[in-house]
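> Kindly generate the corresponding structure for this input.
(2 chains)
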Amino acid sequence: MALSVEQATKKFGDFTAVDNLSLSVEEGQMHGFLGANGAGKTTTFRMILGLLDPTHGQVTWNGKPITYDSSPFIGYLPEERGLYPKMKVEDQLIYLAQLRKMSKVDAKKETAAWLERFEVPHYAGKKVEELSKGNQQKIQLIASLVHKPSLIILDEPFSGLDPVNVGMLKSAILDVQKQGATIVFSSHRMDHVEELCDDMSILDHGKVVVGGSIREVKRNFGKHNIRLKMDKELTALSQLPGVEKYTGTIDGAILQVTDESTADLILAEAMKLGQLRHFSIEEPSLEEIFIAKVGKAYA
Amino acid sequence: MHSFWIIFKQAFMTKARTKSFIITTIIVAAAFFLLANLPNIIESFGGDEDGQVLHVIDESGELVPQLQAQFEQTDSDIQAMPTEMSEEELRQGITEGTIESYLIIEEGDTLTARYVSESANEIGAGSDVENAVQAIQTAQTAERLGLSGAEVGELFMPAQFEREAVSDSSKTEEELSQARGLVYVLILLIYVAVIYYPNMIAMEVANEKSSRVMEILISSVSPVKHMFAKIAGIGTLGIVQMLIFGIAGYFAFQTSGSDMAEGFFSVMGFSDIKISTFLFAVLFFLLGYFLYAVLAALLGSLVSRTEDVQQLMLPMMFLIIISSFIAFSGIGMPEASYVTISSFIPFFAPLVMFLRVGMLDIPLWEPLLSIAIMLLTIGVLGWFGARVYRGGVLMYGSSQSLKDIGKAIRLGNKK
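Here you go, the predicted structure:
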C-alpha cells in the first residue's frame, strides 16, 4: 500500500475536522476526493503532507511516516494558490524545485519542458503577477510536478480554468500518473473524478461516507437508473413495484430501481404503452450518490 | 542543510537586488563621503575667504604692520591694509558689499579696537582679529614692564591640571570623551540595525503568507528551517550592508585628507581605536538582531496581510525604543543603576550592555553573563517562535492580535 491514512482524527479544540478517517491509495493510482466545503479535505491533505499532525492515527507512505525527508518525493498544489508575485516564473519554479532537492540544472531543464508543454514558454521571464489567473494556475501545477514527485496531492486543480486548459492539465496529470506517480486530488467537478480516478472517497463532516473504486461504489449504491424514451405519458410506470423514484424528462422518464430484475418488468410494461425508442439501464451518477449520502447537493 | 542554503541564498539575493536596498546603501555610503569632505566642499564654495582684506583706520600708523605680522604668524589669510576712508565710507562699503570688514584701532593705556563686518556670525575672521590685537597689546605691555620674551612665556604657562576618578569601572576623563563618540555612533548603528532588519523579516514572512506561497514552502521544508534560514539570510545581508558602510566611511575619511576628518577621528575616539569595542559592537549587533528577528518572524507569521504587520510589531518597536532611551541617556551617566540593571534584561541588553562595555571598564563576567542571558532568551524564543510559526503560517483570518499566538501554537501542536 503506497499511501495509507489509518484512522486519522484531527481536532481543533472542540471541533473535529477529520474524524477517524482511513484511506489507502495503491501506487500509481489516482484517488478522487469529494466533499462539501468544510468537509475536511484540506485538513486531510495537510495531515498527509505533515503540515498538521493528526490528533490520533497516522499517515504512512510506503510504510514510513511522511516527514520532511520525504519532501523530494511529494508534490503539492494547495487550494489557495500561492506564488511569489514579484518573482519571475522561471526563477520561481527553479527555486521551488530546489527546495524539493532537485539540482538546479535539472530544475531548469524540467521547467523549460513543462512551460513548453503548457504552451507558455514565453512567460519564463515574466513576473507571476503579470500573468492571467489561468496561466498562474498552470505555473502552480508545474510547481507541484516539476521535481518529479511520486506522491502528488492536488487540491482543486481545475477550478477556475476554461475547458481547453482543463483538458491540457488533465492530460498532463494522466501522463504523470502513467509514469508511476500516485495522485490524490479533490475536485468539485464530479465528472472530473469520474473520468480520471480509479478510486474515490466522499467526505462529510470529516468522515468518509462512501469510499472505494468508482465501479464498486456505484454497484454498492444498489440503485440503477432506467432511462426510457417514448412519446407517451409514463407516470403510470411509477406505480410499479420496485420503482423508488420517478423523474419525468422531455422525451421520456428516468426511473430509479433497487433491483436490476425490476427492469424486465418495466420494459414489459412500457412496451405495452406503445412504441419505445430507447431503453437503458444506467449506473447511478456520482452526483446522485453524493446527494444521497451527504443529503445535499455538492458545492 | 541543502535546502537551508537555498532559502538562505534566496532571502539574501532577492533583498540585495531590490532597488530600495541598493539605493539606501548608495545614499548612506555617499553621505559618508559628503560628510568627510564637508570642509573641502565648504571651502570651495566660500572660496573668497582667503585673502580677506581688513581695512584698518589706524591714526598712529604703526599698528598695521604689527597686525599683519601677527596674521602671518598665525597662518591667517587676513590682509591688514591701512585706509584713508572715513568710517561712514567704510560702513557704506560693507552695505554695498565692496568691503568685507574694517577695524578701527586706537592706542591709549590699552588698545581700543572695534571690528565691523557684514554679519556677526562670520566664523574665524573676527576672533583672528581679536587674537591679533590682544597679542599686540600683550607685547606692548611686556615691553613697558621690561619683561623678556621668556618671562612672558612663563606668565602664560598653563597650570598642570588632571582629573582622575576613584571608581574602578570609570575610565579617565580623556578616555571617556574619546569613547563617547565611538560608542554613540555604534549604538546608533545597532539601534538602526535591530529595527531595520527584523522589520524586513516580518515583512518577508507576512508577504509569503499573504501571497499564499507559504503553504508550498512549508510543505517542502520544515517551517523551523525556513524561519532560521530566512533570519540567517537577512542577517548576512545586514552584516554586508554594515560592512559596506564601514568601509565607505573609513575610505571617505582617509581620502578626504581634510583637517576636519582628522579632528573627527580623534574626537570620536577613532584614532585610538579599541578593537574590543568593535568586537563587542559586532557581537551585540548579532545578538540583538537574532533576538528581535526571531520575535519579528513570530509576529510576522501571525498576520494574513502585510498591512497588519506594523500594528503587531508595535510592542516590539516599543521595546527597542525604550532600550534606546536607556542607552542614549546612559552615555552621560553610564554608571547609573538603571543602566546597570537593564544591561542584564535581554531585550535591552544589546544596546545597554554595549554602552557599558564601551564606556566603562567593567569586569568581563558582566558582558558574558548578559550575553549568556541573551543567548538563552534567543534559544527559548526560537523554540517558542518555531512553534508559533508552524501554526501561524497556516492561519488565515481577520483577527490580528497577540491572542492569536495561543491559537497558532494549538494549530501547530503535535497532538
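> make it CA atoms for all contacts and neighbour counts henceforth
OK.
> centroid residue for chain A?
Most central in chain A under C-alpha atoms, centre = their mean is residue A:32, positioned 3.2 Å from the mean C-alpha point.
> Next up, the contacts around it.
Residues in contact with residue A:32 (C-alpha atoms under 8 Å, 6 or more residues apart in numbering or on different chains) are A:184, A:185, A:186, A:187, A:193, A:197, A:198, A:199, A:200, A:201.
> after the lowest-mean-pLDDT helix or strand in chain B, next one along is what?
Lowest mean confidence among the helices and strands of chain B (mean pLDDT, DSSP states H and E): helix B:259-268, at a mean of 55. Next helix or strand after helix B:259-268 toward the C-terminus (DSSP states H and E): helix B:275-300.
> Could you measure from residue B:127 over to residue B:117?
Using C-alpha to C-alpha, to the nearest Å, we find residue B:127 at a distance of 12 Å from residue B:117.
> Can you pick out the residue with more neighbours from these two?
Between residue B:127 and residue B:117, residue B:117 has the larger neighbour count (other C-alpha atoms under 10 Å in any protein chain shown), namely 18 against 12.
> Tell me what the more buried one is bridged to.
residue B:101 (DSSP bridges).
> does it really touch residue B:98, like I thought?
No. The criterion here is C-alpha atoms under 8 Å, and residue B:117 misses it with residue B:98 at 11.6 Å.
> which residues in the chain form strands?
In the absence of a named chain, this looks at chain A. Assigned by DSSP state E, chain A shows strands spanning A:3-12, A:15-25, A:30-35, A:56-61, A:64-65, A:74-77, A:151-155, A:182-186, A:199-204, A:207-213, A:224-229, A:243-249, A:252-257, A:278-282.
> right idea, wrong chain: chain B
B:53-58, B:79-82, B:101-107, B:111-117.
> now the first one: mean pLDDT?
Looking back up the chat, that one is strand B:53-58. Taken as a whole, strand B:53-58 has an average pLDDT of 83.
> Tell me which other helices or strands it touches.
Applying 3 or more C-alpha pairs under 8 Å, 6 or more residues apart in numbering or on different chains; DSSP states H and E, we find strand B:53-58 packed against strand B:79-82, strand B:101-107.
> Make a markdown table out of the ones you listed and add mean pLDDT, distance to residue B:70 and mean neighbour count.
Formatted as a markdown table, those follow (pLDDT from 0 to 100; distance: least, C-alpha to C-alpha, whole Å; neighbours: other C-alpha atoms under 10 Å in any protein chain shown):
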| stretch | mean pLDDT | distance to residue B:70 | mean neighbour count |
| --- | --- | --- | --- |
| strand B:79-82 | 82 | 10 | 20 |
| strand B:101-107 | 83 | 15 | 19 |
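> Now render the ones you listed as a markdown table, adding distance to residue B:17.
Shown next, in a markdown table, are the helices and strands packed on strand B:53-58 (distance: least, C-alpha to C-alpha, whole Å):
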| stretch | distance to residue B:17 |
| --- | --- |
| strand B:79-82 | 56 |
| strand B:101-107 | 55 |
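> Who are the contact partners of the closest residue to chain A within the stretch 1-150 of chain B?
Closest residue of the stretch 1-150 of chain B to chain A, C-alpha to the nearest C-alpha: residue B:3 (5.3 Å). By C-alpha under 8 Å, 6+ apart, the residues touching residue B:3 are A:98, A:99, A:100, A:101, B:221.
> With residue B:28 instead?
Taking C-alpha under 8 Å, 6+ apart, we find residue B:28 in contact with residue B:245.
> ok, residues contacting the longest helix that chain A contains?
Across chain A, the longest stretch assigned as helix under DSSP state H is helix A:163-178. For helix A:163-178, contacts defined as C-alpha under 8 Å, 6+ apart pick out A:28, A:29, A:30, A:118, A:134, A:138, A:158, A:183, A:196.
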